[in-house]
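Q: Return a 3D structure for these sequence lines:
(chains A and B)
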Amino acid sequence: MKALLGLAARSAWNRRGTLALVVLSIALATLLLLGLERMRSNVRESFSQSVSGTDLIVGARTGAVQLMLYAVFRVGGATNNIRMSSVEAIAAHRAVDWVVPISLGDSHRGFAVLGTTTDYFKRFLYGDHQPLVLAQGHAFGGDLNGLYDAVIGAEVADRLGYRLGQAITLSHGAGGLPGAEHADKPFTVVGILARTGTPVDRTVHVSLEAIEAIHLDWAGGAPMPGVAIPPEQARKFDLKPKQVTAALVGLKGRVAVFAVQRFVANYADEALMAVLPGVALDELWQVVGVGEKALLGMSAMVAVVSLAGLVAVVLAGLNERRRELAVLRAVGAGPRHVLLLLALEGLLITALGVALGVLLTIALIVAAGPWLQAQFGIGLKLSAPSANEWLLLASVLLAGLLASGVPGLRAYRLSLADGLSPRT
Amino acid sequence: MIAVDALRFRWPGAETDALDIAALAIEAGSAVFLHGPSGCGKSTLLGLLAGVLVPSGGRISLLGTDWAAMSGARRDAFRADHVGYIFQQFNLLPYLSVIDNVLLPCRFSALRAQRAGASVGAAESLLARVGLARPLWSRPAARLSVGQQQRVAAARALIGAPELVIADEPTSALDAPLRDGFMDLLLGECRTAGSTLVFVSHDERLASRFDRRLSLPEINHAATPEHTT
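A: Numbering: from 1, shown residues only, chains lettered A, B, ... in the order given. As a prediction, the model looks like this:
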């Protein structure tokens, strides 16, 4: 066995030119499989880490996934706002501990702007019930003195190079439209949050009153012509918010969660809904799962194709090696040794391909990880392979061994038929 | 040493026998010259002698053991232990070094490895005796000339002193001076090791150097010579 492994390795090395291409194609298939699995599990992890300690998310009636996506992940948009009076009514429910209203819609250079109350920094938890921590500065005060204060996430600070005291202007909507700038009311960065690995890192936080103030002289998504209210004068208006996008709700006890959900759903004055973040995420995974399975299936096909390449290359070379097989027979190798030799050769090539694929995956995570994090907020982490990843690697190896059985059996039959005199 | 009794062999699908030998005995330590025209069944007989082919009828035994009585795997092991084989050409695995080619039988036979003692040392002294210069020993076999390759093949057939050495026209690719040198060393080494040599050739000028001369057409009673290999 050991003798055969050495022979297989040296025989393969002798044909390294063609076999290197096979190794490369197996490596790329492995990269695809591993990369996809790593991406899938890391995305799921980062999503499920994004919010914790919030029992319900309340918004205008829409899909549970959609509400979750825009309220927590800043993806998509709200179909409708909800009245502040409704939020207050929910807050008054006896089972409700706290309510943090949030207002979305504006942006700053591509980063979402979130209007909220000072409670947000106390109540919002992520990961394993970790609170938000200010790396520098302080939260906005919630009073009129700090009306134009902003607290930015770590990613915003890093990407834009912002420090405390930086003046920023907000854009209406997703930004990019000319004239849709709230340039007349600049904000000052007063706090920078420590990195969380959640959408909070990519968010600019201001007070709900500030959101009201910058929209005082706006109507229907555009500045009102001929009306301009300077920032100082805005403080004299009633800045109490009338509407918000959604609200995060914490309960006194988990037991009441369905009662409160029903209370919200049956709220008479407005069409509202409340979702449990965990349930909404599960729903999201069910939707995404179909796509994931399709992608995994495609990658598996790529792996099969690359193994078919292995079979083709080894089979094609077999005829020229009939002399080699006869020599092996003459020195005492049986047809089963020949079978084993070919199987070992295939397994060796597959193992090399898989090893190279693992290295490529590591290199890709190291090289492209920061870019993916910045661009899409997907944090790819370098860690020991998970059970699923081991399973994928083992499947590729097993498939390689099975595939090598094809040229192995062919060689077995050739060496039985040829004996010592190959008919080449 | 070798005993043949009412041996018949027919290729699968053929209508007549390729070989039909009533009786043949070869004594241990002798050097036998086997000749005959192309297609008279020489390679078939060698395949039977080496236990790669199994007779359709009768018996062929080596060292008192009937080849047909053994399982396929057992025959392979028995061949590895007791038979050295030299082909006409292309004897060596191109991807192994010269010395690894010589050591190949020791990988498949513990007995040959044990008889060779320090295998690498035995391989080196054999290579020295067949006249291959030391710098060539670690070279890939593919880089040797044909004459050098045949000498390496002889060293491989002889390592671990197998009881039987079979040579299938080993000199046909060599020119006259190379051929004579090769014959000298093959006969000499077989004598030294005490190995029986069965040497096949259609070049009858070589016959005088052997203890015994056998004409295959004379002992093969198979009627038609067209079913051959």
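Q: drop to CA atoms for contacts and neighbour counts, all remaining ones
A: OK.
Q: May I ask which helix or strand encompasses A:Leu295?
A: helix A:277-318 (DSSP states H and E).
Q: following that helix, which helix or strand shows up next?
A: helix A:322-330.
Q: Check whether that next one comes near chain B.
A: Yes. Against chain B, helix A:322-330 shows contacts by CA under 8 Å from any CA of the partner chain at A:Arg323, A:Glu324, A:Val327, A:Arg329, A:Ala330.
Q: what residues are up against the one residue sitting closest to the centre of chain B?
A: Residue closest to the mean C-alpha point of chain B, counted by CA atoms, centre = their mean, is B:Ile166 at 1.6 Å. Contacts for B:Ile166 (CA atoms under 8 Å, 6 or more residues apart in numbering or on different chains) come out as B:Leu46, B:Ala50, B:Val83, B:Gly84, B:Tyr85, B:Ile86, B:Leu197, B:Val198, B:Phe199.
Q: What about those residues, which are in helices?
A: In this view, the contacts of B:Ile166 that belong to helices under DSSP state H are B:Leu46.
Q: Now tell me what touches stretch A:346-355 from outside.
A: Applying CA under 8 Å, 6+ apart, the external contacts of stretch A:346-355 come out as A:9, A:19, A:22-27, A:30, A:310, A:393, A:396-397, A:400-401, A:403-404.
Q: got the angle between the helix holding A:Leu295 and helix A:322-330?
A: Interaxial angle, helix A:277-318 versus helix A:322-330 (axes from the mean of the first three to the mean of the last three CA atoms, to 10 degrees): 90 degrees.
Q: Output the contacting helices and strands for helix A:277-318.
A: Packing partners of helix A:277-318 (3 or more CA pairs under 8 Å, 6 or more residues apart in numbering or on different chains; DSSP states H and E): helix A:16-48, helix A:64-72, helix A:387-418.
Q: closest to A:Arg159 out of those?
A: The closest of these to A:Arg159 is helix A:16-48. By CA to CA, the value is 19.9 Å.
Q: who does the closest one touch, helix- and strand-wise?
A: helix A:277-318, helix A:335-376, helix A:387-418.
Q: returning to that earlier point: can you flag the buried ones in the residues of helix A:322-330 next to chain B?
A: The neighbour count (16 or more other CA atoms under 10 Å in any protein chain shown) marks A:Arg323, A:Glu324, A:Val327, A:Arg329, A:Ala330 as buried among the residues of helix A:322-330 next to chain B.
Q: how about low-confidence regions in chain B?
A: Along chain B, the parts satisfying pLDDT under 70 run over B:223-229.
Q: Count the neighbours of the residue in it positioned nearest to chain A for me.
A: Of all residues in chain B, B:Ala80 sits closest to chain A, at 3.9 Å by CA to the nearest CA. For B:Ala80, the neighbour count with other CA atoms under 10 Å in any protein chain shown is 29.
Q: try the one 10 residues further on
A: Burial of B:Phe90 is recorded as 18 neighbouring residues (other CA under 10 Å).
Q: Among the residues of helix A:322-330 next to chain B, which one sits closest to A:Glu389?
A: Distance to A:Glu389 across those (CA to CA) is lowest for A:Glu324, with 38.4 Å.
Q: now the closest residue to that closest one other than its chain neighbours: how far from A:Ala8?
A: In this structure, A:Glu324 finds its nearest non-sequential neighbour in B:Leu93, 6.1 Å apart by CA to CA, 6 or more residues apart in numbering or on different chains. Separation of B:Leu93 from A:Ala8 (CA to CA, to the nearest Å): 12 Å.
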